[in-house]
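# mind looking at a prediction? Sequence and model below.
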Amino acid sequence: MDSNLIAQAIFYLFAAMTVASAAVVVLARNLVHSAFALLFTFFGVAGLYVFLGADFLAATQMVIYVGGILILLLFGVMLTHKIYNVELRATTFQFVPGLALTLALFVLLVAVMLGTTWFAGTPRPLEPTTAEIGGLFLKDYILPFEVASVFLLIALIGAAMIVRRRPR
Amino acid sequence: MIGLTHYLVISAALFSLGIMGVLTRKNAVNVLMGVELILNSANINLVAFSRFAAGNLSGHVFAVFIIMIAAAEVAVALAIVLSMYRIVRSVELDRADRLKG
């Protein structure tokens, strides 16, 4: 019972960290602050995955989002601004209509989510998922898996082609 | 006890914040961060339903696909942003108006 309470406390900690740092991402005046707040959002989501028993996904989240996507975004910030000249202000526009629309959307989503009676099976026991995910990839989802590899190759070539300096 | 709705509410909050980032930010990199928040909220939903409702791990497989697509999307989008910066010397989205008549 006591450990259950501690688990709940940790869950709410992760949830609060995720949502609060996502708010910082959206509201911060400084682009670099946004990027670093995004780190905590990704970390919090990885923690929520752990609570959902998704050990493989939590590790993937840490490796790909924190190690890959966030670094790419930081590169994007640094390469498109002069670092020493403090031009990193993020301007917002139409802030009040955006805020109103966001709040309306949030209220609508929560109302729908709380109002629906979801089909509730028995929750999976907390056990390792990696072997089963691997089996699904190589049996049921073999075609999307192969298409995904081609897709990644296309994205790689496309990104390199777009940033290439064209010979004049 | 922590149930399905807890995760759904968190993911709704992340989704709304992501939409707000996409709508109100001018900087293209910041808009991309909003898109990442939206994709993460979708992932939380998939994994939560996979645990509480489906009873199998298909949701995890779809979440892996979404993470992969997010990585490819960021790579291509940043290539476009850098290319735009080279042409108009700015990453503010309303400066990309070359096609405007």
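Thanks, I have it.
# in the longest helix along chain A, what's buried?
In chain A, with assignment by DSSP state H, the single longest helix is helix A:2-27. Buried residues in helix A:2-27, counted by 16 or more other CB atoms under 10 Å in any protein chain shown: A:11, A:14-15, A:17-19, A:21-27. Backbone N, C-alpha and C define where each C-beta goes, glycine included.
# so where's chain A shaky on pLDDT?
Where chain A drops to pLDDT under 70, the residues are A:1, A:82-91, A:168.
# please apply the same query to chain B.
Applying pLDDT under 70 to chain B flags the ranges B:101.
# at 50 instead, please
By pLDDT under 50, chain B contains no weakly predicted segment.
# before we move on, back to that, does the helix or strand that the longest helix of chain A is followed by reach chain B?
Using DSSP states H and E, the helix or strand that follows helix A:2-27 in sequence is helix A:31-51. Yes. Against chain B, helix A:31-51 shows contacts by CB under 8 Å from any CB of the partner chain at A:Leu31, A:Ser34, A:Ala35, A:Leu38, A:Thr41, A:Phe42, A:Val45, A:Leu48, A:Tyr49, A:Phe51.
# so what does helix A:31-51 touch, helix or strand wise?
helix A:2-27, helix A:55-60, helix A:70-79, helix B:4-24, helix B:28-49 (3 or more CB pairs under 8 Å, 6 or more residues apart in numbering or on different chains; DSSP states H and E).
# do that again at 7 Å, thanks
Judged by 3 or more CB pairs under 7 Å, 6 or more residues apart in numbering or on different chains; DSSP states H and E, the packing partners of helix A:31-51 are helix A:2-27, helix A:55-60, helix A:70-79, helix B:28-49.
# possible to save those as a markdown table with distance to B:Gly59?
Output for the helices and strands packed on helix A:31-51, formatted as a markdown table (distance: least, CB to CB, whole Å):
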| stretch | distance to B:Gly59 |
| --- | --- |
| helix A:2-27 | 19 |
| helix A:55-60 | 9 |
| helix A:70-79 | 24 |
| helix B:28-49 | 4 |
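# which one of those lies closest to A:Ile157?
Judged by CB to CB, the one of these that comes nearest to A:Ile157 is helix A:70-79, at 16.6 Å.
# check whether whichever helix or strand comes after the closest one contacts chain B.
With elements assigned by DSSP H and E, the helix or strand that comes after helix A:70-79 is helix A:95-115. Yes. Counting by CB under 7 Å from any CB of the partner chain, contacts between helix A:95-115 and chain B involve A:Phe95, A:Gly98, A:Leu99, A:Leu101, A:Thr102, A:Leu105, A:Phe106, A:Leu109, A:Val110, A:Met113, A:Leu114.
# let's see if you can find the most crowded of these.
Top of these by neighbour number is A:Thr102, holding 21 neighbours under the definition other CB atoms under 10 Å in any protein chain shown.
# hang on, that one packs against B:Gly18?
No. Look at A:Thr102 against B:Gly18 with CB atoms under 7 Å: they stay out of range, at 9.3 Å.
# list the contacts of A:Trp118.
B:Leu4, B:Ala53 (CB atoms under 7 Å, 6 or more residues apart in numbering or on different chains).
# got the contact list for residue 93?
Unless you meant another one, I'm taking chain A. Here A:Phe93 is in contact with B:Thr24, B:Lys26 (CB under 7 Å, 6+ apart).
# try again with chain B
B:Lys26, B:Ala28, B:Val31.
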